[in-house]
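K.L.:
this one's structure only:
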């Protein structure tokens, strides 16, 4: 359907039917002012609300896994000290250089 023809027909029908006396004075102005006064959507508010709703399940999962790891106890062989292993790995190159200096 041609939109221009439809618009012309709708305008003709609207002109043929004048507004009744039951419509309050400046009704259209009040409606438009009410629409303009609506607050804009707050996208950050939606994000904040969603993140706060997700915080409780995250805390619950954290507490659940913490309790599980605390009460489960060690089930495998004892683990070596991680800090000592990192130091040995990082300083391995220094140890090799110093041993080469002593050989010469």
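P.N.:
Alright, I've got the coordinates. Please read all numbers here as calculations on a predicted model, not as lab measurements.

K.L.:
Which parts of this protein are helices?
P.N.:
Residue ranges of the helices in the chain, as given by DSSP state H, are 3-16, 27-36, 43-72, 82-90, 92-103.

K.L.:
Comparing the ones you listed by mean pLDDT, which bottoms out?
P.N.:
Mean pLDDT is lowest for helix 92-103 out of these, coming in at a mean of 63.

K.L.:
Can you pull up the most central residue in the protein?
P.N.:
residue 47 (4.8 Å; Cα atoms, centre = their mean).

K.L.:
From residue 53, how far off is that residue?
P.N.:
11 Å (Cβ to Cβ, to the nearest Å). (Each C-beta comes from the backbone N, C-alpha and C, glycine too.)

K.L.:
Repeat that for residue 21.
P.N.:
Distance, residue 21 to residue 53, by Cβ to Cβ: 51 Å.

K.L.:
More neighbours: the two, which one.
P.N.:
The neighbour comparison of residue 21 against residue 53 (other Cβ atoms under 10 Å) goes to residue 53, with 9 against 6.

K.L.:
And for residue 68, the neighbour number?
P.N.:
Neighbour tally, residue 68, other Cβ under 10 Å: 9.

K.L.:
need the contact list for it.
P.N.:
By Cβ atoms under 8 Å, 6 or more residues apart in numbering, the contact list for residue 68 is empty.
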